[in-house]
Structure formats: C-alpha cells, structure tokens
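Enquirer: what shape does this take:
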Amino acid sequence: MKPKYFPVFFVLAILFASCVHKVKVVPQPGAGEFPADVAVIMQTKCAISGCHNQASYGNADSLLLDNWTHLFQGGADGAVVIPYSTAFSTLLYYVNTNSQLGPIYQPLMPVSTAKTPLAPLTSAEYATLSNWIKNGAPDAQGNIAFATDPDTRQKSYLIHGDCDKIIAVIDAKTGLAMRVIPIGDSSNGESGHGIKFSPDGMYAYASVIGFNSFIKIDTRTDKVVASIDLTAAQSLYASAGSNSWADMVISPTGDSLLLCDFAGIGCALLINTQTMTVINGWPTLVNPHAPTANATIDTFFVTAQYGNTIYKLANRYIGYISVNGATHSTQASSNGTVQPDPHFIIMSPDHTKLFVTCQDQNNVKVIDAHSGALLDSIAVGTFPQDMAISLTQPYLFVTCKEAPVVNGLGSVYIINYNTMQIAKVLQDQFYAPHGITVDDRDGLFYVASSNLGGTSHHPTACGSPDGWYNAYYLNTLQPAFSDKRFSIFSDPYAMDIRFKQ
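Expert: Modelled structure (predicted):
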C-alpha cells in the first residue's frame, strides 16, 4: 500500500521539517523487517530519497537501510550496528544531538538542506534505536543477526590495544564485525595483546598488558566464562606487579598453553586451560614476548624482545639460541650497535624450522628447530612484527609495521616457506599493520591496521583514530570482499581465526 498525502499537508511538510516524511510505514516483507517502532524511524528518517534507500544508497556509504536484512550487510566501511553494543554501533553517532546520550559525529543524519529541510531525531527516537541495539537489534520476529550456527560459525577475534580493552568478533562469511567482547578493567591503563583459539574452536584465550587476569571465552556465546588471577604466580616466577601478559601458544589438544609475561624480569607460565590453573613456570626471563612449541609440546621457544636471544624451555631447563650467531644477549640496540630484537616466532608446519621477525634489522631469521643453527636471513620491510602461516599454501605472512609506502604506512611480505623466496609484497592498503591471521578453511587471510599515528576515517567511541582490517584470497593473494576496507575500533592489535582448516 502506498502512503496517502493530502495536498495541504504536503505543502506544510515542505515548510516545516518536523512534518517531513511523517507517513504510514509499510512493513518490509519477510524476516528482514524491522520491529514496528524502529521501522518508523528507519523508513521515514533513513531510507529516504537521497539517502539510504534503494535509489540512493550507492552514494550514501553504500549503506542500505530499507530493511533489517540490508542493515546487517553493512556499508562501504563495514558494520554500523553491532548487536548488544551501543558504544560501538556507529549508526548512533550520526543520529545523536545530545552529548549526554552518547557520541555526536557529523554529518548529522538525516541530512538537512535548504532545499530539503529535515528534522533530526528526537531524544525519544534516539532512545528507541539505542535500546533496540542494546537488546540485540532483533528483527520483527526476534531474530538476532549472526546468532545462528554458534558451534560451527567461522569467525575471527581481533583484540584491541586501546578502546577500553575489547575484542571485536568478525563474521567470516560477510567480513563484518558481529559482536564486541569487553575484557580487562577499563579504569586502568591496560592494553589488549594476545588472542588465541583452542584447536577445536570452542574457546579462546586473551591476555592484557596491565591486567593481572588471564581470560577464557566461550566462542559459542562470545562471552567470558572464566579467568585466572596471575598475581601469585607472577610473584613466584617474575617481578611482582609487572602485569605484562603478552603472547601465548596452545597445545594441539587445547588442554594447556604457555603464556609470556613481557617484563624486564618476566616469566613464562604453563597453564591448564581446563582448570585455569598454573602448572609450571620458567622464572626470571628478560622480556619474554612470543612463544611457539615443537610437535610434542615438551619444548618451547620464546623470543626475548630485545637483543638476539630465543629462550629454549623444557621441563625446568632454560637454554639459549642466538638468532645471529653472536653470544646471546638480551640488551636492546645501543651505542651504534643494532641488535636483531626478535619480536615474534612461529614454527614451520613440519616442525623443522623456526621463523623469527627481527624488528631492528628488518629481516626474518630462519632457525633449525633441532640444532638452533641459523639457516637463512630473509630481508623484509621496516619493523617486522607479527606472522601467520598457511597450511594449504606454502606461505608465511609477515606484517612490517613501519615500511614506507606511497599511500599509508606498512606492508605485508609473503614468503614461500619452501623456497625462502618473497612471493609477493602487499602495500598501500595499510597504516601500521600488526595483527594477521590465516583462514585456510575458507581460503582467506586478514590484516589489521592499527592506524597508530594516522588520521581518523571514521570516529570511535574512544576518541582515538579508528583502525581497519583487510581480507585477501589465499590462492590469488588478491583482495577479497570487493577490496573493502572494514573500519574497526582503536588500535586493532592481534587476530586469530576460529577454525584453521
């Protein structure tokens, strides 16, 4: 049914913005329709001529708001509504006129011009949208977006170093942010750092620098279900109060993991993930940052962030591997001497080689996992950081955070780990990239740009510049999702994928 107008009211609507588009709302067909109170707002203030309707949305950030289904296809920059999260649903930022209710960003929607004057949302209308999103942004039948198939849905977790210590949950099918998981204590100066899924994909584990609890998340509900206070263990094995929990490696069975305390006098803790208790520890390690392990998980290799050293840990044993053949050192570069400064480490799929990013010498060292001998040194971009490895393609991916490029900052080097040759260099898509993960099951890999030091494209609730992530096909190394750049919250730092294969 089409809405009916009387001419006099149509004239008044042109003269008075408060009357514009006050029409009877025709619900959209099928399960894609909005609840009635939300539909009134969306179809009279958002999905209108020149804005987010079928005819115009291509010029309105490619965001179509004529029904619920289209809303959850996102816009040119990704998701605008995240169920249950009003703080990180950017749709609200652009329809708000009261700073007491939340952030305000321009342009104010609906856009009002002299030719087409439109009234902004009232505080009641804003509250309707806010409460709807707080309750999951359901459709008219009560369906919540991305709520189906909780045991099998492929998704990645993206932990943030800024922005109140959160994890963004990314739906693999659409590439959109689908949930937000709060972690840590936002009243303290904390920084999200490590994120890993269990091998079966049912749980994930998160570490936070500046927060002395280690967190376990149920990936079927995307909620924190357990945590362990590491204060006592830290006092036993490291300098008390450092709280610098960094990266981790998980056993193939998922029943244990090794977690590093990245401190001047730090440690590595072996944690039982079933009971969430510390079962072993290696004390007084200097700046231990990232671990990997052999096939039987009885020997761990841990980078000392500064110097040239990899710790080799077994039972109570602490050994040392030099990444450059010199006497092992845990001292940073100084007095003109440039140390390798090993940042991240990963094991080859056949468990014969270690790959190590050396951030101050801009290379990846290849180490024999059995003898500790240096096998190769592969030159990459400036300040190499995280790595991810494919099991279906012979590719090792390396984020180079400060590599100078024409547009942006940073690059991704793709190394053939069979030949040790550079297969491709990706650039001009990033700004200070750090986190990276490989989805062998769906043939994709993701790169997160922290955007630290960059400019804000879309604002965040934290006030800091937003970051973003890009996706690429594994087989072609070309952009996926139509080369879309997905805007996300401040300082996206590390990523992991739920099901590896």
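Enquirer: all helices for the stretch 1-150 of the chain, in order.
Expert: Using DSSP state H, counting those that start in this stretch, the helices found in the stretch 1-150 of the chain span residues 7-15, 36-41, 68-71, 123-134.
Enquirer: repeat for the stretch 151-300 of the chain
Expert: Counting by DSSP H, counting those that start in this stretch, the helices of the stretch 151-300 of the chain are 231-237.
Enquirer: so where is the protein shaky, pLDDT-wise?
Expert: For the chain, applying pLDDT under 70 flags the ranges 1-32, 163-164, 184-189, 240-241, 456-463.
Enquirer: can you tell me the centre-most residue of the chain?
Expert: Leu158 (2.2 Å; C-alpha atoms, centre = their mean).
Enquirer: separation between the closest residue to it other than its chain neighbours and Ile144?
Expert: Once flanking residues are discounted, Leu158 sits nearest to Ala168: 4.4 Å by C-beta to C-beta, 6 or more residues apart in numbering. Just so you know, the C-beta spots here come from the backbone N, C-alpha and C atoms, and that holds for glycine as well. To Ile144, Ala168 is 17 Å away according to C-beta to C-beta, to the nearest Å.
Enquirer: which one's more surrounded, the two?
Expert: Ala168 (27 against 16; other C-beta atoms under 10 Å).
Enquirer: report the beta-bridge partners for that one.
Expert: When assigned by DSSP bridges, Ala168 has beta-bridge partners Leu158, Val180.
Enquirer: out of the helices of the stretch 1-150 of the chain, which one sits most buried?
Expert: Compared across the helices of the stretch 1-150 of the chain, helix 68-71 shows the largest average neighbour count, a mean of 21 (mean count of other C-beta atoms under 10 Å).
Enquirer: list the helices and strands that helix packs on?
Expert: Packed against helix 68-71 by the contact rule (3 or more C-beta pairs under 8 Å, 6 or more residues apart in numbering; DSSP states H and E) you find no helix or strand.
Enquirer: using CSV, list the CA coordinates for that helix.
Expert: What follows is helix 68-71 as a C-alpha-only set of coordinates in CSV (Å, rounded to 0.1, in the frame of the first residue of the first chain):
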residue,chain,number,x,y,z
TRP,A,68,16.7,-5.3,8.6
THR,A,69,18.5,-7.7,6.3
HIS,A,70,20.1,-4.9,4.4
LEU,A,71,21.2,-3.1,7.5
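Enquirer: quick revisit: got the contact list for the residue nearest to Leu158?
Expert: The neighbours of Ala168, taking C-beta atoms under 8 Å, 6 or more residues apart in numbering as the test, are 157-158, 160, 177, 179-180, 488-489, 492.
Enquirer: quick one: which two of those residues are the most distant?
Expert: Arg179 and Pro492 (14.9 Å; C-beta to C-beta).
Enquirer: the two: who's more crowded?
Expert: Set Arg179 next to Pro492 and count neighbours by other C-beta under 10 Å: Pro492 wins out with 31 against 24.
Enquirer: my guess is that one contacts Leu452, does it?
Expert: No - here Pro492 does not reach Leu452: they are 10.1 Å apart, not a contact under C-beta atoms under 8 Å.
Enquirer: re the thing from before, the helices of the stretch 1-150 of the chain: which one's closest to Asp350?
Expert: Nearest of those to Asp350, taken as C-beta to C-beta: helix 68-71 at 45.3 Å.
Enquirer: so what's the gap between that closest one and the chain middle?
Expert: 23 Å (C-alpha atoms, centre = their mean, to the nearest Å).
Enquirer: quick one: neighbours of Gly336, just the number.
Expert: For Gly336, using other C-beta under 10 Å, the count is 5.
Enquirer: quick check on it: phi, psi?
Expert: Torsion angles at Gly336 (phi, psi; degrees, to the nearest 10) stand at phi 80, psi -10.
Enquirer: do you know how far it is from Gln305?
Expert: 20 Å.
Enquirer: ok, Leu65 next?
Expert: Distance from Leu65 to Gln305, by C-beta to C-beta: 47 Å.
Enquirer: out of those two, which sits in the busier spot?
Expert: Neighbours per residue (other C-beta under 10 Å) separate Leu65 from Gln305, with Leu65 holding more: 25 against 22.
Enquirer: the more buried one contacts Ile48, doesn't it?
Expert: No - using C-beta under 8 Å, Leu65 makes no contact with Ile48, being 9.2 Å away.
Enquirer: got the contact list for Val95?
Expert: Val95 neighbours (C-beta under 8 Å, 6+ apart): 45, 108-109, 120-121, 125-126, 129.
Enquirer: next: Ser227.
Expert: Going by C-beta under 8 Å, 6+ apart, Ser227 touches 213-216, 276.
Enquirer: now for Gly136: which residues touch it?
Expert: Gly136 makes contact with 83-84, 144, according to C-beta under 8 Å, 6+ apart.
Enquirer: let me know the closest of those to Thr299.
Expert: Tyr84 (42.3 Å).
Enquirer: give me the distance between that closest one and Ala145.
Expert: Tyr84 is 10 Å from Ala145, where distance means C-beta to C-beta.
Enquirer: now, which of the contacts of Ser227 sits nearest Ile378?
Expert: Looking across those and measuring by C-beta to C-beta, the closest to Ile378 is Phe214, at 33.4 Å.
Enquirer: I'd say Ala137 and Pro83 touch.
Expert: Yes - counting by C-beta under 8 Å, Ala137 touches Pro83, with 4.9 Å between them.
Enquirer: list residues touching both of these two?
Expert: Residues touching both Ala137 and Pro83 by C-beta under 8 Å, 6+ apart: 144-145.
Enquirer: of the two, which one has the most company?
Expert: Between Ala137 and Pro83, counted using other C-beta under 10 Å, Ala137 has the larger neighbour count: 25 against 21.
Enquirer: for the more buried one, give me its contacts.
Expert: By C-beta under 8 Å, 6+ apart, the residues touching Ala137 are 71, 81, 83-84, 89, 144-145.
Enquirer: farthest-apart pair in the residues you listed, please.
Expert: Leu71 and Tyr84 (15.0 Å).
Enquirer: between the contacts of Gly136, which is nearest Phe430?
Expert: Out of those, the member with the shortest distance to Phe430 (by C-beta to C-beta) is Pro83, at 28.5 Å.
Enquirer: want to throw the contacts of Ala137 into TSV with distance to Thr419?
Expert: Formatted as TSV, the contacts of Ala137 follow (distance: C-beta to C-beta, whole Å):
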residue	distance to Thr419
Leu71	47
Val81	46
Pro83	45
Tyr84	47
Ser89	46
Ile144	47
Ala145	44
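Enquirer: let's see which of those end up in strands.
Expert: Using DSSP state E, no member of these falls in strands.
Enquirer: going by distance to Pro384, which of those wins?
Expert: Ser89 (35.0 Å).
Enquirer: doesn't Gly78 make contact with the closest one?
Expert: No - Ser89 lies out of contact with Gly78 (C-beta under 8 Å); the separation is 11.7 Å.
Enquirer: now stretch 255-262: buried residues?
Expert: By neighbour count with 16 or more other C-beta atoms under 10 Å, stretch 255-262 contains the buried residues 256-262.
Enquirer: ok, stretch 336-355 next?
Expert: Neighbour-count burial for stretch 336-355 flags 339-348, 353-355 (criterion: 16+ other C-beta under 10 Å).
Enquirer: closest one of the residues you listed to Gly58?
Expert: Phe344 (41.0 Å).
Enquirer: can you give me the strands in the stretch 201-350 of the chain?
Expert: Listed in chain order, the strands of the stretch 201-350 of the chain (DSSP state E, counting those that start in this stretch) span 203-209, 213-218, 223-229, 245-250, 256-261, 266-272, 277-285, 288-293, 300-304, 309-314, 317-322, 342-347.
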